[in-house]
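In: Pasting the sequence and the predicted model now:
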Amino acid sequence: MKILAAMSGGVDSAVATARAVDAGHDVTGVHLALSRMPGLFRSGSRGCCTVEDSLDARRAAGLLGIPFYVWDFSAQFTEAVVDDFIAEYAAGRTPNPCMRCNERIKFAALLDRAIDLGFDAVVTGHYANVTTAADGTPELHRASAWAKDQSYVLGVLTTEQLRHSMFPLGDTPSKTLVREEAERRGLTVAHKPDSHDICFIPEGDTRDWLADRIPMESGDIVDPNGKVLGHHDGAQSFTVGQRKGLGIGVPSADGRPRFVLEVKTATNEVVVGMKEDLDIAEIAGERFSWAGNDPITSGITVATDDGFDEFTCEVQIRAHADPVPARARNRGGEIVVTPDVPLNGVATGQTAVIYVGTRVLGQFTIDRTVSATALVN
Amino acid sequence: MHDAVIAAWTHAVHLRGNASATHRDGQKSRLMWEEGRDKIAASIGAVPFDVTITGSGTEAINLAIKGLFWGRNGTTTSRAMGARLPRPRILTTEAEHHAALDTIHWLVESEGAIVDFVRVDDTGTIDLNDLQSKLGDDVALVTTLWTNNEVGTIQPVSEIVALAEAESVPVHLDAVATLGYTPIDFARSGLAALSVSAHKIGGPVGVGALAMARSWPIVPLIHGGSQQRLRSGSLDAAGVFAAGIAAERATSDIPAKAARLAALRDRLVTGIRETIPKAVVRGHLENRTPGNAHITVPGLDSVSALFLMDEAGHAASAGSACQAGVQSPSHVLRAMGVADSEGPLRFTLGLENSEAEIDSLLEVLPTIVARATH
């Protein structure tokens, strides 16, 4: 097959590319320049084209003997990921930019161009597996080693995108083995540290970064009953579940820490409360997609008394969170998930990925949550 | 590199003496270096002593711009914290190479310089009226490309120099893309400074040169052993000797070479106009360097087109790629008022290119452009 390998300059994508070459594919490497400072001058723009990463990727491609290009997707990235990130925070939600990037850039803009240029598939260094269902439809599964599993951030992939995606690292037991393989192959990125931060916030301080981009006004920090406990410099810089940096002078009745329960952008209020107040009994969202066959085609749904199709599943709300057993249903265009035990610290804007066993069934962006304590009350 | 240049380099690199040493081996190396510099100086019509050899064209440009800015603002008082610079303004255009743009940007950010961009028209030619209106006794220098590296436009050098001279302002020209294609006579040009690079004329990478008229004050970038008037650092006898051979070859019979390149270029441009009617030829149609053809096509995705051309065995570019290899929207085209939706393709032709190659490119180009246009 004619394969386009997305090479970030890190060890995972380098080894994934190497494996695609070994498998006998006709591989071309490409590095995506995502974070470029537009304008006349280059000096001072640290993000320029993340020169070091691009050079690392180029070196790896050179060692593998494949053609290599740098493609500038910074304009699309800014619009689809960075601006979306700012808009979501401005609306009081907590977005996941890596998922947005997979959804709109890596497996959309890049894949589209690859298909246009005659490639059959895109290879990345993600830890996940793609298999084929009995009817030939692709299925996305967790990586063999759950500790490295990245299927969560791939939950946004559609059936068509999965058809053209390859994840050669999916069955690798550990990252250590990937590094050893890179070393064995003579890849210079073998011991390059992993990246963790949001790539377009190089200093790593999301709050400061947002403060420069969202007009913020000081307002009140209140308890669930509306009692003012303190003040903040801008509600949009808070995230549900946040404990640190609240700056509340008044201690809680029993001295236990308080957490952000809700960011109310309309009234510029940050609602705080006890840890148990974060418990969420139900999450729902209208923006969803299925990776492969949908629940009905997959034959896992059961009709309920109220006329909806329901199925048992597991739901995961963060890249490194544990999956929680749940029941899910499509209630007239809205996916509603009820976990068996309450979820803790769910923010709107987050992505809920629905699993059945190791299979990623699909995902939705959480628009609405129902508090467990509110249900009890 | 031509065999003659490689032979010159390998011959010189066998010499063992440091060109700044006093012993005989050193003297031999020194002679090689001097001979190389003589030839480089001759290729640009400069007195050898006025030519400072640098490590790249970029370094030469940095030395000219920073050196002249500091030289013109170089009194202790003017350089003290908070003191007003007597000549803070730098005049340039937005269609420059990054070697100049980023140097100026640094001076603005760090040294209190003020940059005034002189307008360029839709051919990339500097607007002389605008230049004249912006000149004044508070201008440290004027710097621009003699030949635009992207769109090939040649600037009206004598007019620029005459306007600047009237205000006693020094002019630096980046002639990296000029050497070998347009005759250069530095001594008679009235220019204060002129930068060139050996790698653009079939010489070794790592040799640049700045011609600098002694009538202007300039502050060096690199201090140390004072091996040259404006630059310290050991002398690269082999590189400079080989660069001299390359400069001599590149500037011998420029008119004949230019005519041959222009014929090839016109064959390409005519072919493109016939087969891709939407293509617009950018840059000045007459005042342009012979080996450059630059077109834009509405809606063309240059990245895809370049990939498909590369696959078909044809090397082109979209503008000038930065170190990371990104082809980003061209600041030169933007300065000329060209919309970002116009996808650029730049073809650089050399004497080694043949008519057959042009024809084979023209055979695949229309399909590639159609496939890469959305």
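Out: Looks like it arrived, so ask away.

In: Packing partners of whichever helix or strand B:Ser110 is part of?
Out: Assigned by DSSP states H and E, B:Ser110 falls within helix B:98-111. Applying 3 or more Cβ pairs under 8 Å, 6 or more residues apart in numbering or on different chains; DSSP states H and E, one finds that helix B:98-111 contacts helix B:57-72, strand B:89-92, strand B:114-117, strand B:139-145. The way it works is simple: take the backbone N, C-alpha and C, and place the C-beta from them, glycine included.

In: Just the pLDDT for the closest residue to A:Ile300 other than its chain neighbours.
Out: Spatial nearest neighbour of A:Ile300, excluding adjacent residues (Cβ to Cβ, 6 or more residues apart in numbering or on different chains): A:Phe311 at 4.6 Å. Looking at A:Phe311, its pLDDT reads 94.

In: Tell me if I am right that A:Phe311 is in a strand.
Out: Yes: counting by DSSP: H, G, I helix; E, B strand; the rest coil, A:Phe311 is found in a strand.

In: and it, what are its bridge partners?
Out: A:Phe311 has these beta-bridge partners by DSSP bridges: A:Ala328.

In: residue contacts, it?
Out: The contact partners of A:Phe311, by Cβ atoms under 8 Å, 6 or more residues apart in numbering or on different chains, come to A:Pro295, A:Ile300, A:Thr301, A:Val302, A:Arg327, A:Ala328, A:Arg329, A:Val356.

In: now, which of these sits nearest chain B?
Out: The shortest approach to chain B among these belongs to A:Pro295, at 35.7 Å (Cβ to the nearest Cβ).

In: Can you show me the strands along the stretch 101-250 of chain B?
Out: For the stretch 101-250 of chain B, strands defined by DSSP state E, counting those that start in this stretch occupy the ranges B:114-117, B:139-145, B:171-174, B:193-197, B:208-212.

In: Pick the most buried one from the ones you listed.
Out: Most buried of these by mean neighbour count (mean count of other Cβ atoms under 10 Å in any protein chain shown) is strand B:193-197; its value is a mean of 31.

In: Out of the helices and strands in the chain, which is least certain?
Out: This is for chain A. Least confident helix or strand of chain A, by mean pLDDT, DSSP states H and E, is helix A:372-376 with a mean of 65.

In: nope, chain B please
Out: Per mean pLDDT, DSSP H and E, helix B:76-79 ranks last in chain B, at a mean of 63.

In: could you point out where the stretch 51-200 of chain B is predicted with low confidence?
Out: B:75-83 (pLDDT under 70).

In: For the stretch 151-300 of chain A, give the residue positioned nearest to chain B.
Out: A:Cys199 (14.4 Å).

In: From A:Val272, how far out is that residue?
Out: 31 Å (Cβ to Cβ, to the nearest Å).

In: where do the strands sit along the stretch 51-200 of chain A?
Out: A:68-72, A:121-123, A:128-132, A:138-142, A:165-166.

In: Could you confirm whether the first one reaches chain B?
Out: Yes: contact check for strand A:68-72 against chain B, using Cβ under 8 Å from any Cβ of the partner chain: residues in range are A:Tyr69, A:Val70, A:Trp71, A:Asp72.

In: If I look at the last one, what pLDDT would I see?
Out: Put plainly, it is A:Asp72. The model's pLDDT for A:Asp72 equals 85.

In: give me the number of residues near it?
Out: Using other Cβ atoms under 10 Å in any protein chain shown, A:Asp72 is surrounded by 24 other residues.

In: now the first one
Out: A count of nearby residues for A:Tyr69, using other Cβ under 10 Å, gives 19.

In: The second one too?
Out: Burial of A:Val70, expressed as a neighbour count using other Cβ under 10 Å, amounts to 24.

In: thought it was touching A:Val51?
Out: No: using Cβ atoms under 8 Å, A:Val70 is not in contact with A:Val51; the gap is 10.0 Å.

In: can you tell me which residue is nearest the centre of chain A?
Out: Centroid check for chain A by Cα atoms, centre = their mean gives A:Met99 as the closest residue, at 3.3 Å.

In: Without its sequence neighbours, what residue ends up closest to B:Ile245?
Out: Nearest non-adjacent residue to B:Ile245 (Cβ to Cβ, 6+ apart): B:Ala8, at 4.3 Å.

In: quick one: which helix or strand includes the one you found?
Out: Short version, using DSSP H and E: B:Ala8 is in helix B:3-13.

In: Give me the number of neighbouring residues for the residue nearest to A:Glu276 when sequence neighbours are not counted.
Out: In space, A:Glu276 comes closest to A:Thr373 once its chain neighbours are excluded; the distance is 6.2 Å by Cβ to Cβ, 6+ apart. By the criterion of other Cβ under 10 Å, A:Thr373 has 17 neighbours.

In: For the stretch 251-374 of chain B, just list every one of the helices.
Out: Ranges of helices in the stretch 251-374 of chain B, per DSSP state H, counting those that start in this stretch, are B:254-275, B:302-311, B:331-335, B:355-371.

In: can you pull the contacts of the closest residue to A:His191 other than its chain neighbours?
Out: Distances taken as Cβ to Cβ, 6+ apart place A:Arg179 nearest to A:His191, at 6.5 Å, with adjacent residues excluded. In this structure, A:Arg179 makes contact with A:Val11, A:Ala190, A:His191, judged by Cβ under 8 Å, 6+ apart.

In: check contacts around B:Ala12.
Out: So B:Ala12 contacts B:Ser29, B:Met32, B:Ala237, B:Ala238, B:Phe241, B:Ala242 (Cβ under 8 Å, 6+ apart).

In: Just the residues contacting the helix or strand containing the second one, thanks.
Out: This means B:Met32. In this assignment (DSSP H and E), B:Met32 forms part of helix B:24-43. Residues outside helix B:24-43 that contact it (Cβ under 8 Å, 6+ apart): B:12, B:15-21, B:47-48, B:50-51, B:53, B:179, B:184, B:196, B:198, B:209, B:211, B:235-245, B:247-248, B:250-251.
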